[in-house]
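[1] Sharing a sequence plus its predicted fold:
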Amino acid sequence: QVQLVESGGGLVQPGGSLRLSCAASGSIFRVNAMGWYRQAPGKQRELVAAFTSGGSINYLDSVKGRFTVSRDNAKNTVYLQMDSLKPEDTAVYYCNAFILSLGNPRWLDYWGQGTQVTVSS
């Protein structure tokens, strides 16, 4: 059983900062791609920032220069530092990871439960 557990969401004023964390746990053999998506009400889920399987990093254009994704491979954890937050960043943020678990020969996509980020004055 593999789980992704997110933390760090909340309410922040425009211009403020938040740091999201996502830890993968369970019967993990290896974690490959890992990152963050978000979904605002009435909109499709979109990639925010993620490490690709090749090790590069992709960012949504609207967050470049404001958000920074990082990871701790020893802890199977990915972080999202969000600075200069704007009201349009309001969404549920989801962690995503591509994981090979013990006892299963297939790489599978896993999602966290989501954490709400609200940017409002």
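    Perfect, thanks for sending it. Remember, it's a predicted structure, so these values are computed and weren't measured experimentally. Residues are numbered from 1 along each chain as shown.

[2] The chain: strands as residue ranges?
    Taking DSSP state E as the test, the strands found in the chain are 2-7, 10-12, 18-26, 28-39, 46-51, 57-59, 67-72, 77-82, 91-101, 107-111, 115-119.

[3] could those go into CSV alongside mean pLDDT?
    Below are those laid out as CSV (pLDDT from 0 to 100):
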stretch, mean pLDDT
strand 2-7, 95
strand 10-12, 98
strand 18-26, 97
strand 28-39, 95
strand 46-51, 98
strand 57-59, 97
strand 67-72, 97
strand 77-82, 98
strand 91-101, 96
strand 107-111, 95
strand 115-119, 98
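
[4] list the contacts for Thr68?
    By Cβ atoms under 8 Å, 6 or more residues apart in numbering, the residues touching Thr68 are Ala49, Leu80, Gln81, Asp83. Glycine gets a C-beta too; all of them are placed from N, C-alpha and C.

[5] how far away is the last one from Cys95?
    Between Asp83 and Cys95 the distance is 19 Å, computed by Cβ to Cβ, to the nearest Å.
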